[in-house]
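**Student:** Using only what follows, build the 3D model:
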Amino acid sequence: MTTIAFDTLAYVKRLRDAGFTEPQAETLAQTQAELIDSQFANKQDLKKLEVTLKRDIELLRAEMKQSLAETKAEIIRWTVGAGVLQTALIAALLLKLVH
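**Tutor:** Model (predicted):
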């Protein structure tokens, strides 16, 4: 079902003109046509690829959202921790200055 046109009749004629027998030329032409058909993607192949790519993109998007959420949570933990530590240090210095 490929859109590639392969003229097997012309191919058989060229092979015969080159010295091949009729059965040899027909066999080679048929084999060549099958090889060409098997090497090119058809609409069904492209549709399967599209579905696979869409699924992979959605999975990647979900993984990225998860990773960003984890990174955000870690940044918040570090920021809050640094704020608490800074507050404790300032309080300790102020207490030391007062006494």
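**Student:** Which stretches in the chain count as helices?
**Tutor:** According to DSSP state H, the chain carries its helices in the segments 8-17, 22-39, 43-98.
**Student:** May I see the buried residues of the second one?
**Tutor:** Applying a neighbour-count criterion of 16 or more other C-beta atoms under 10 Å, the buried positions in helix 22-39 are 25-26, 29, 33. C-beta here means a position set from N, CA and C on the backbone, and glycine is covered the same way.
**Student:** go on, the shortest one?
**Tutor:** Within helix 8-17, the residues that qualify as buried are 11-12, 15, counting by 16+ other C-beta under 10 Å.
**Student:** Quick check: of those, which lies closest to residue 43?
**Tutor:** Among those, residue 11 lies closest to residue 43 (C-beta to C-beta), at 25.3 Å.
**Student:** TSV for the helices of the chain, including mean pLDDT?
**Tutor:** Compiled in TSV, the helices of the chain are given as follows (pLDDT from 0 to 100):
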stretch	mean pLDDT
helix 8-17	91
helix 22-39	88
helix 43-98	96
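**Student:** What distance do you get for residue 61 to residue 52?
**Tutor:** With distances defined as C-beta to C-beta, to the nearest Å, the gap from residue 61 to residue 52 amounts to 15 Å.
**Student:** typo on my end, it should be residue 95
**Tutor:** Residue 95 sits 64 Å away from residue 52, going by C-beta to C-beta.
**Student:** now swap in residue 59 and tell me
**Tutor:** Counting by C-beta to C-beta - residue 59 and residue 52 are separated by 11 Å.
**Student:** Give the residues shared as contacts by those two.
**Tutor:** A shared contact of residue 59 and residue 52, defined by C-beta atoms under 8 Å, 6 or more residues apart in numbering, is any residue touching both; here there are none.
**Student:** Great, nothing more from me.
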